[in-house]
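S.K.: got a predicted structure here, sequence first:
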Amino acid sequence: MDASPDFPRQSRVPVFNMPGAVTVSIGLLLAIQAVREFLLPDTWDIRLVLDLALVPSRWTTWLDPERADAVIRAAGSAGEADLAAAREAFARYVVTEHAANLWGFATYALLHGSWLHVIFNSVWLAAFGSPVARRCGAWRYGLIGLAGTVAGGALHVAIDPLSTAPLVGASAGVSALMAAAARFVFQPPVSAYGTQPWQLPPHRPAETVPELLRNRTAVAFLAIWLVTNLLFGLISLPLGAESAAVAWDAHLGGFVVGFLLFPFVDPRTPPAP
């Protein structure tokens, strides 16, 4: 009888070793940005943003038309004085010409303000989406990202209801995957495993909240994420044609949903390779 262990299949070159779902996600984000940058005329790109981005005031005035005047006043008083007229004109267009689009709570994640923006999100998606996709499989990975995207958009609308600035970027979905990964990637290694290159660690359940609070590495990660996210919300980053504040509330909404949702979608056994 052959007593040799079943060796795991040799992995691909590390740079191409991401799960297929993560590779497709990043490829899609980069492809959309390339089409917008190099193929679409400016007028078509503007239309794309208006149709797919999430504009909080659009939903505010759809739910309560009497707040249209408040939206217009807020747009005219925000930012630099020389741009106030343009912002006010755009606000009038939003509240009078554009109905609410339910799909915007998901599709805003497909658009980004610049190459720096999409590359930044892609790096974090590769880092934290990969362990979630490996552990949970493609559809659960997608479900967590989608739920975080929708929750992040909803919280952004609730906190900044008069804003006419289109919300774009996959950061809320990435934050959800980051929170999901935090439930298991910081677990201490199991003793007696990993001493041989062919040994694979057992599938362990996600850490509960009390277990996470006793895990110093996980607590440090969560604290650093929260502080940096709040700090980034107070400063401007060059993520588009103009510097813009990071939508910290969308990140927070996505993170909370990913953190709470993960135990319900975490499989009892690892998915088949």
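M.R.: Yep, that arrived.

S.K.: isn't P263 up against A206?
M.R.: Yes: with contacts counted by Cβ atoms under 8 Å, P263 reaches A206, the gap being 5.4 Å. In this view, the C-beta of every residue, glycine as well, is placed from N, C-alpha and C.

S.K.: who touches both of those two?
M.R.: Jointly contacting P263 and A206 under the rule Cβ atoms under 8 Å, 6 or more residues apart in numbering are R183.

S.K.: ranges for the strands of the protein?
M.R.: 236-237, 244-245 (DSSP state E).

S.K.: is W225 in contact with V256, as I believe?
M.R.: No: with contacts counted by Cβ under 8 Å, W225 stays clear of V256, the gap being 11.7 Å.

S.K.: quick one: low-confidence residue ranges for this protein.
M.R.: Applying pLDDT under 70 to the chain flags the ranges 1-16, 78-82, 98, 190-203, 232-246, 269-273.

S.K.: rerun that using 90 as the cut-off
M.R.: Judged by pLDDT under 90, the chain has its weakly predicted residues at 1-18, 50, 62-102, 113, 163-165, 186-214, 225-248, 267-273.

S.K.: where exactly do the helices run in it?
M.R.: Secondary structure of the chain by DSSP state H: the helices cover 20-38, 42-52, 56-63, 68-77, 84-97, 104-107, 115-136, 138-159, 171-182, 209-214, 216-232, 248-265.

S.K.: mean neighbour count and distance to A165 added to the ones you listed, as JSON lines?
M.R.: JSON lines is the format used below for the helices of the chain (neighbours: other Cβ atoms under 10 Å; distance: least, Cβ to Cβ, whole Å):
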{"stretch": "helix 20-38", "mean neighbour count": "16", "distance to A165": "18"}
{"stretch": "helix 42-52", "mean neighbour count": "13", "distance to A165": "11"}
{"stretch": "helix 56-63", "mean neighbour count": "21", "distance to A165": "8"}
{"stretch": "helix 68-77", "mean neighbour count": "18", "distance to A165": "9"}
{"stretch": "helix 84-97", "mean neighbour count": "16", "distance to A165": "9"}
{"stretch": "helix 104-107", "mean neighbour count": "19", "distance to A165": "13"}
{"stretch": "helix 115-136", "mean neighbour count": "20", "distance to A165": "14"}
{"stretch": "helix 138-159", "mean neighbour count": "22", "distance to A165": "10"}
{"stretch": "helix 171-182", "mean neighbour count": "29", "distance to A165": "15"}
{"stretch": "helix 209-214", "mean neighbour count": "12", "distance to A165": "34"}
{"stretch": "helix 216-232", "mean neighbour count": "14", "distance to A165": "16"}
{"stretch": "helix 248-265", "mean neighbour count": "22", "distance to A165": "12"}
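
S.K.: I'd like to know which of the ones you listed is closest to P189.
M.R.: With respect to P189, and counting by Cβ to Cβ, the nearest of these is helix 216-232 at 11.9 Å.

S.K.: just the angle for the closest one relative to helix 248-265, thanks.
M.R.: 150 degrees (axes from the mean of the first three to the mean of the last three Cα atoms, to 10 degrees).

S.K.: ok now helix 216-232, how far from the chain's centre?
M.R.: 16 Å (Cα atoms, centre = their mean, to the nearest Å).

S.K.: so what secondary structure elements neighbour it?
M.R.: Judged by 3 or more Cβ pairs under 8 Å, 6 or more residues apart in numbering; DSSP states H and E, helix 216-232 is in contact with helix 171-182, helix 209-214, helix 248-265.
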